[in-house]
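structure for this input, please:
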Amino acid sequence: MSFALNVPLNGVSFGQLSTAISKEIMLRGEQPAFFPIGQVDLSAQGEDAEFIEWLNKCTMLGLNEHSRENPSIKLWHLNNDSVLSPSTRQSLITFYELDSPTPHELNVIKNNDKVYVTSEYTKEVFTSAGADNVKYLPLFFDSRNFQRKDDTFYSDDRITFNVAGKFEKRKHHAKILNTWAKKFGNSKKFYLNCALYNSFLKPEDNEALVRSSLQGENYFNINCLSFMGKNSVYNDFLNSGDIIIGMSGGEGWGLPEFQSVAMGKHSVILNANGYKSWANEKNSILVEPRSDKIPAYDGMFFNKGNAVSQGNIFDWDEDDFISACEEAIKRVETDKLNKEGLELQSEFSVDKTVDILLSDVAEK
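Residues are numbered from 1 along each chain as shown. So this is what the prediction gives:
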């Protein structure tokens, strides 16, 4: 099959997904013309000489043999860069967290053959706005980088909560920290590990965001971790927790939360947006969102009046969140292993995702 692959390969979420998809395509014996977005950086991954050799071969195919008549698969932001393509027929994988598509975003969608989004909620947002070429593409458990470990991470019997993702208003990190601290702060029985480092900000700015969230108070049982540049280290972090918190008001999928639950961790998850693609009442403690949304604008990543990323995010009540945390604690005390969560590994796999992509690429 002749097609092009136009994706980033690096250590952030876009690059991690692209790497997993690319490796699965390699294992199927395909050799697409490879057009990298940005510099290739596989430092977060383990050594893989076979994959590097394959990339080099596919890159030369892109330089020497690719025709624009062949279809392409691109993974990138929903902006003007996603109108650019090495092919006349492009399938775009993109991510959208809000609820008010702009004319610019809709025009980007119109100028792609197919557009894949990672939640039924997002698909409905775009369909309601008039886009008829949007398709739901479920994401997957990354079994090459993440595995359940039954190691003992702490010498006492504490119950550990994890919260992850780069620090953002959209993800309600400040509200999570503040609410959790008011209920569980300075309790020897509970612990909160925060992997919230935002690489777009300076270290001192990351520290200031956490301090502000906790209103300047120090809590011995709240630990903020520095950036983890290796997937193996991040895997240890995910395994170290008993309960993962996913309360983002606008999420395309929720990769750290999903990987955690799929490894058998209990969870407190907002029953909204991309979380609904995989979280249910059996594998998670669900928190219902408030009926009223709030604007997403934060002065950094979402700015009112921009050509892209306009709209609102879901919100939630603090009491509902704490009640869900207490219910998750009971589940941990009954059985630390979330058996229902383990089923996500087979339900959502990279081979199923790539099946959809390659099937659509093969269409004439």
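
what's the closest non-adjacent residue to Phe14?
Closest residue in space to Phe14, ignoring its immediate chain neighbours: Pro8 at 5.2 Å, by CB to CB, 6 or more residues apart in numbering. For glycine as for every other residue, the C-beta is placed from the backbone atoms N, C-alpha and C.

A helix includes the one you found, no?
No: using DSSP: H, G, I helix; E, B strand; the rest coil, the secondary structure at Pro8 is coil, not a helix.

okay, it: pLDDT?
The confidence metric pLDDT takes the value 98 at Pro8.

mind listing what it touches?
By CB atoms under 8 Å, 6 or more residues apart in numbering, the contact list for Pro8 reads Phe14, Gly15, Ser18, Pro36, Ile37, Gly38, Leu75, Trp76.

kindly indicate which of these lies nearest Gly229.
Proximity to Gly229 was ranked across the contacts of Pro8 by CB to CB; first place goes to Gly15, at 12.4 Å.

restricting to C-alpha, output the helix or strand hosting the closest one in CSV.
In this assignment (DSSP states H and E), Gly15 forms part of helix 13-27. Written as CSV, here are the backbone C-alpha positions of helix 13-27 (Å, rounded to 0.1, in the frame of the first residue of the first chain):
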residue,chain,number,x,y,z
SER,A,13,1.6,13.2,23.9
PHE,A,14,1.3,13.9,20.1
GLY,A,15,4.7,12.3,19.5
GLN,A,16,4.1,9.4,21.8
LEU,A,17,0.9,8.5,20.0
SER,A,18,2.6,8.9,16.6
THR,A,19,5.4,6.7,17.6
ALA,A,20,3.1,3.9,18.8
ILE,A,21,1.1,4.1,15.5
SER,A,22,4.2,4.2,13.4
LYS,A,23,5.6,1.1,15.1
GLU,A,24,2.4,-0.8,14.6
ILE,A,25,2.5,0.2,10.9
MET,A,26,6.1,-1.0,10.7
LEU,A,27,5.2,-4.4,12.2
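
offset the numbering so it begins at 334, please.
That works, and once the first residue is 334, the last one we named lands at helix 346-360.

just the mean pLDDT for the helix or strand just after it, thanks.
From helix 346-360 onward toward the C-terminus, using DSSP H and E, the following helix or strand is strand 366-367. For strand 366-367, mean pLDDT is 98.

list the strands paired with strand 366-367, with their directions.
Applying DSSP bridges to the sheet, strand 366-367 is found paired with strand 337-339 (parallel).

can you give me the helices in the stretch 534-683 of the chain?
Here the stretch 534-683 of the chain has its helices, by DSSP state H, counting those that start in this stretch, at 536-546, 564-573, 588-595, 651-667, 672-675, 677-680, 683-695.

residue ranges with poor pLDDT in this protein?
Where the chain drops to pLDDT under 70, the residues are 697.

how near is the residue nearest the centre of it to Ser692?
Nearest to the geometric centre of the chain sits Leu588, at 3.5 Å (CA atoms, centre = their mean). As judged by CB to CB, to the nearest Å, Leu588 and Ser692 stand 24 Å apart.

wait, Pro622 sits on Trp649?
Yes: Pro622 is within contact range of Trp649, at 5.4 Å (criterion: CB atoms under 8 Å).

re the thing from before, name the nearest residue to the residue nearest to the centre of the chain, sequence neighbours excluded.
Excluding the flanking residues, the one nearest Leu588 by CB to CB, 6+ apart is Ser346, at 5.9 Å.

so how many other residues sit close to that neighbour?
A total of 16 residues lie near Ser346 under the criterion other CB atoms under 10 Å.

hey, where'd the strands end up in the stretch 334-483 of the chain?
Counting by DSSP state E, counting those that start in this stretch, one finds strands in the stretch 334-483 of the chain at the ranges 337-339, 366-367, 405-408, 423-426, 447-450, 467-469.

could you dump the ones you listed into CSV with mean neighbour count and distance to Ala514 added?
What follows is the strands of the stretch 334-483 of the chain, written out as CSV (neighbours: other CB atoms under 10 Å; distance: least, CB to CB, whole Å):
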stretch, mean neighbour count, distance to Ala514
strand 337-339, 25, 44
strand 366-367, 24, 47
strand 405-408, 25, 37
strand 423-426, 24, 37
strand 447-450, 24, 35
strand 467-469, 17, 37
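
okay, the ones you listed in JSON lines with distance to Asn495 next?
Shown next, in JSON lines, are those (distance: least, CB to CB, whole Å):
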{"stretch": "strand 337-339", "distance to Asn495": "33"}
{"stretch": "strand 366-367", "distance to Asn495": "35"}
{"stretch": "strand 405-408", "distance to Asn495": "26"}
{"stretch": "strand 423-426", "distance to Asn495": "27"}
{"stretch": "strand 447-450", "distance to Asn495": "26"}
{"stretch": "strand 467-469", "distance to Asn495": "28"}
